[in-house]
Each structure stands twice: as C-alpha cells, then as structure tokens.
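Undergrad: build me a structure from this.
(one chain, ligands or ions: 1)
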Amino acid sequence: MENLQQVTHIDNVRLAEDGSAVIYIDQTQLPGRTIYKEARQPREMYDAIYQLQVRGAPCIGIFAAYSIAVLAAGIDAPDFDSFYAEYKKQSDYLNSSRPTAVNLSKQLARMDACCRANAGAYRTGLLEALRAEARAIHQEDIDMCYAISDYGLSLLKDGDTVLTHCNAGPLATSRYGTGQGPFYLAKERGMDIKAYADETRPLLQGARLTSYELQKAGVDVTLICDNMASMVMKQGKIQACMVGCDRVARNGDAANKIGTSGVAVLAKYYGIPFYVLGPSSTIDFTCPTGDDIEIELRDPDEIKTKFYAEPVALPEVKCYNPAFDVTDHSLITAIVTERGICYPPFDESFRRLFPEQYAAGEKEVPGK
Ligand code: MRU
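TA: Numbering: from 1, shown residues only. Got it, this is the predicted structure:
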C-alpha cells in the first residue's frame with residue numbers, strides 16, 4: 001500500500017510556501033526522471049502548459065489558477081484599475097496556451113471573478129484571496145476525483161479488466177484521478193481490477209504516464225499499442241473502457257485525447273460498455289454539442305520525431321496532428337461525475353444533477 005499512497009498522493013502541482021512560484025512535476029521527463037520545476041514568469045507558465053509539462057484537463061486548470069495568483073503578486077500598480085488591466089492581460093495570455101480542455105478557461109474565469117470581488121481589498125487582501133481561491137480549486141478537485149473514482153468503481157465487478165486511453169490518473173488531476181481512479185480505489189479496497197493501457201500516439205501519455213503510475217501503484221497493468229485495442233476486445237479480455245475527458249458538451253459529446261473515439265467505436269462493436277469519467281469542471285454547460293468544441297492542432301514534428309532517437313518520417317512529409325477527438329454521445333454508456341452517474345439522454349441527466357450550472361450555461365451559449 002505504501003507505493004499506492006505515493007502515487008495517489010503525489011503533489012504534481014503546488015504553490016511555493018512564499019507564494020512566489022508554482023512548483024510542478026515536468027511530465028515530459030517521465031517515466032525516466034522525476035524533475036520538479038518552478039514557474040515564476042508568464043512565459044514559463046505558458047510553455048509549461050503548451051509543452052505538456054503540465055497536462056490533463058483538471059491539472060491544467062489548477063496550475064493556471066496558481067499561476068495567475070503568483071503573477072498577480074508581481075504586478076506593481078498604484079490602484080486596482082491599473083492592476084486589473086495587467087492582471088487580465090496575463091490571464092488571457094495563459095488562457096491562450098491550449099484551447100480544448102475547458103478547465104483552463106473555467107478556472108481562470110473563476111479566479112477573475114474572485115479578483116473583481118476583492119477589488120476593495122487591493123492589495124494584500126486581494127492577493128491572499130487569490131491564493132485561497134486557487135487552493136480551493138485544488139481541494140475541490142481532490143474531493144471530486146475521489147467521488148468520481150468511487151462511482152466509477154461501482155460500475156465494475158471484482159475480476160474485471162478495463163481498457164483505458166491516454167492519462168487521466170493522479171498526474172493529470174489530483175490524488176486518485178478520474179478515468180484511472182477506479183483502479184487505485186480497487187487496489188486500496190482489495191479488489192482485483194486489471195488494466196490495459198493504450199500507449200496513446202503520438203505523445204505516448206499511456207505508455208509514459210499511465211502504465212508508469214499504475215505499475216508503481218501495484219495495479220496489474222498491460223501496455224498495448226493503440227492498434228491492438230480491437231484485438232484484445234475481440235479476444236474477450238476487456239469488460240469495460242474508462243477514459244477521462246477534456247470538454248464535455250451539454251448533449252454528452254466528449255472531447256478527449258485523439259484516439260478515444262476510435263476506442264468507443266470498437267467498444268460499441270464488441271458490446272463493451274464505454275465510460276467517460278470527469279468532474280463537472282470539465283462539462284462545458286455553454287457548449288451545445290461536440291461540433292462546438294475547438295480541437296487543438298499541434299506541431300507536426302510531434303508525429304515525426306518526438307520521443308524517438310531517430311526520425312520516424314521524412315522531415316518534409318505533410319502531417320495532420322489533432323490532439324483530441326470528440327466521442328459522439330451515442331457511443332457513451334455513461335458519464336461519471338462527482339455528483340453521480342449520468343446516463344443518456346445526457347442533456348437531461350446533466351440538467352438534473354447540475355441544475356444551477358446547467359441553467360447558467362444555457363444562458364451563456366454564444367450567439368443566444
Ligand atoms: O494532451 P493531454 O495529455 O493534456 O490530454 C489529456 C487527456 O486527454 C486526458 O484524458 C484528459 O485531460 C482527462 S485528465 C483527467
């Protein structure tokens with residue numbers, strides 16, 4: 001259990017004691033090296049997110065909240081109005097680092113509201129309020145991850161093997177994770193739940209992060225290449241699929257790491273339940289369908305060279321490198337949130353479970 005505790009209680013992102021930096025694990029160096037870095041400047045924070053040193057939707061949101069709290073303390077302004085003009089500029093800059101995971105913009109919006117609400121306490125009280133808000137966001141994610149893992153585990157039975165894609169474990173979130181949370185909770189409770197982890201091309205989050213975390217925690221994990229998922233399903237090895245998410249639309253369409261929708265199509269074909277696990281901070285209540293989700297397009301070199309000693313394609317070859325895809329709601333058996341398990345029609349389930357956020361989101365729909 002000691003190793004399990006180490007994995008599920010890792011401090012992947014935190015605020016420095018004196019509030020002058022965000023300290024985080026550089027996930028691009030895993031599994032080989034566990035390197036903690038400190039970000040103090042806007043550019044370092046932007047790069048940490050863009051380069052996936054800090055990644056996973058909830059983790060990006062938490063990191064951004066701590067980051068803006070750090071940056072706010074560095075703004076030298078005589079009054080709130082001039083402070084806020086600079087604050088907004090830096091917040092918008094951080095927000096432009098990645099487009100798909102809604103947690104980034106949502107947590108920055110929450111920090112922004114906290115900033116404006118404490119305008120009267122400029123400067124010491126306001127800075128303290130921002131740090132407290134960032135810590136609250138982090139603590140809420142810890143609580144949500146545990147609840148999601150618990151609900152997720154209730155969908156499984158002892159002896160099941162579950163296929164997962166990308167990394168939605170402790171590194172991508174807080175403590176237990178979402179898509180991989182049930183594995184850790186099962187281990188803690190003495191249940192036998194095995195994992196198959198897709199390697200997750202092109203950046204190999206499944207191989208580098210998921211199989212590393214699960215193996216370290218003592219979970220029985222088997223790593224496969226993405227194109228082997230069909231075969232293990234056909235062989236009857238998989239009883240369920242569980243993945244995280246980056247943005248879920250109101251109708252249940254769910255954006256997650258590229259390749260997720262292919263897994264869902266296969267699962268449907270083989271009659272295997274496909275579950276999406278995510279906190280309400282990942283549901284975009286303003287977004288009607290998956291067609292409204294912006295998909296991040298990344299550097300073609302990630303396909304041609306990244307993580308390989310030798311190039312794997314001609315440098316001049318044309319590449320298309322979308323970082324995410326959207327799984328159609330018709331392929332999803334259930335969406336597991338911190339307040340419970342949502343079944344289709346997802347729109348109605350979300351409205352029932354999150355009435356305030358749903359109503360507020362509906363009002364905010366762009367163009368409405
Ligand atoms: O590009 P990444 O590594 O940030 O993509 C991460 C994912 O797709 C995760 O599955 C998702 O953010 C959920 S993390 C709980």
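Undergrad: isn't residue 61 up against residue 109?
TA: No: if you go by C-beta atoms under 8 Å, residue 61 and residue 109 don't touch, sitting 10.3 Å apart. C-beta: built from backbone N, CA, C; applies to glycine.
Undergrad: so if I had to pick from the two, which one is more boxed in?
TA: Set side by side, residue 61 and residue 109 show more neighbours around residue 61, with 27 against 12, by other C-beta atoms under 10 Å.
Undergrad: could you check the pLDDT of that one?
TA: What the model reports for residue 61 is a pLDDT of 98.
Undergrad: list the contacts of it.
TA: 101, 103-104, 106-107, 137, 141, 281 (C-beta atoms under 8 Å, 6 or more residues apart in numbering).
Undergrad: swap in residue 160?
TA: Each residue near residue 160 by C-beta under 8 Å, 6+ apart is listed here: 193-194, 239-240.
Undergrad: mind redoing it with 7 Å?
TA: 193, 239-240 (C-beta atoms under 7 Å, 6 or more residues apart in numbering).
Undergrad: of those, which is the most crowded?
TA: residue 193 (24 neighbours).
Undergrad: from the ligand, how far out is the spatially closest residue to that one that is not a sequence neighbour?
TA: Spatial nearest neighbour of residue 193, excluding adjacent residues (C-beta to C-beta, 6 or more residues apart in numbering): residue 186 at 3.9 Å. Remark: distance between residue 186 and the ligand (C-beta to the nearest ligand atom, to the nearest Å) = 18 Å.
Undergrad: tell me how many other residues surround residue 186.
TA: 22.
Undergrad: what's the helix or strand for it?
TA: Take DSSP states H and E as the rule and residue 186 turns out to sit in helix 181-188.
Undergrad: counting by contacts, list what that helix packs against.
TA: With contacts taken as 3 or more C-beta pairs under 7 Å, 6 or more residues apart in numbering; DSSP states H and E, helix 181-188 sits against helix 2-8, helix 124-153.
Undergrad: and the shortest one, which residues are buried?
TA: Right, helix 2-8. Residues 4, 7-8 are the ones in helix 2-8 that count as buried (16 or more other C-beta atoms under 10 Å).
Undergrad: could you restrict these to the ones contacting the ligand?
TA: Within the set of the buried residues of helix 2-8, contact with the ligand (C-beta under 6 Å from any ligand atom) is found for no member.
Undergrad: does the ligand sit close to stretch 57-73?
TA: Yes: against the ligand, stretch 57-73 shows contacts by C-beta under 6 Å from any ligand atom at 57-58.
Undergrad: next SSE downstream of the helix holding residue 186?
TA: Note on helix 181-188: by DSSP H and E, the next helix or strand toward the C-terminus is strand 194-198.
Undergrad: buried stuff in that following strand?
TA: In strand 194-198, counting by 16+ other C-beta under 10 Å, buried: 194-198.
Undergrad: now check that strand, is it near the ligand?
TA: No: Strand 194-198 stays clear of the ligand (C-beta under 6 Å from any ligand atom), getting no nearer than 10.9 Å.
Undergrad: close to the ligand, is the helix or strand that that strand is followed by?
TA: Remark: after strand 194-198, the chain's next helix or strand is helix 205, criterion DSSP H and E. Yes: residues of helix 205 contacting the ligand under C-beta under 6 Å from any ligand atom: residue 205.
Undergrad: looking at the contacts of residue 61, which are in strands?
TA: Using DSSP state E to define strands, no part of the contacts of residue 61 is located there.
Undergrad: of these, which belong to helices?
TA: Within the contacts of residue 61, residues falling in helices by DSSP state H are 103-104, 106-107, 137, 141.
Undergrad: show me which of those residues is closest to the ligand.
TA: Nearest to the ligand among these is residue 103, at 8.0 Å by C-beta to the nearest ligand atom.
Undergrad: near the residue nearest to residue 127 when sequence neighbours are not counted, how many other residues are there?
TA: Closest residue to residue 127 apart from its sequence neighbours, by C-beta to C-beta, 6+ apart: residue 73 at 5.3 Å. Number of residues near residue 73 (other C-beta under 10 Å) recorded here: 17.
Undergrad: okay, residue 73 and the ligand: tell me how far apart.
TA: Residue 73 is 27 Å from the ligand, by C-beta to the nearest ligand atom.
Undergrad: list the contacts of the closest residue to the ligand within the chain.
TA: Shortest the chain-to-the ligand distance, computed as C-beta to the nearest ligand atom: residue-wise this is residue 244, at 2.8 Å. Residue 244 makes contacts with 166, 168, 172, 178-179, 256, 277-278, as judged by C-beta under 7 Å, 6+ apart.
Undergrad: what's the distance between residue 114 and residue 135?
TA: 12 Å (C-beta to C-beta, to the nearest Å).
Undergrad: next one: residue 176
TA: Remark: distance between residue 176 and residue 135 (C-beta to C-beta) = 19 Å.
Undergrad: what of residue 339?
TA: On the measure of C-beta to C-beta, residue 339 and residue 135 end up 22 Å apart.
Undergrad: all helices of this structure, in order?
TA: Using DSSP H, helices in the chain cover 2-8, 42-50, 57-73, 80-95, 102-117, 124-153, 181-188, 205, 211-216, 229-234, 260-270, 301-304, 346-353, 355-364.
Undergrad: report the central residue of the protein.
TA: residue 57 (2.4 Å; C-alpha atoms, centre = their mean).
Undergrad: thinking again about what came up before, okay if I get the contacts of residue 244 as JSON lines plus distance to residue 363 and pLDDT?
TA: Formatted as JSON lines, these follow (distance: C-beta to C-beta, whole Å; pLDDT from 0 to 100):
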{"residue": "166", "distance to residue 363": "32", "pLDDT": "98"}
{"residue": "168", "distance to residue 363": "30", "pLDDT": "98"}
{"residue": "172", "distance to residue 363": "30", "pLDDT": "98"}
{"residue": "178", "distance to residue 363": "27", "pLDDT": "98"}
{"residue": "179", "distance to residue 363": "30", "pLDDT": "98"}
{"residue": "256", "distance to residue 363": "27", "pLDDT": "98"}
{"residue": "277", "distance to residue 363": "27", "pLDDT": "98"}
{"residue": "278", "distance to residue 363": "22", "pLDDT": "98"}
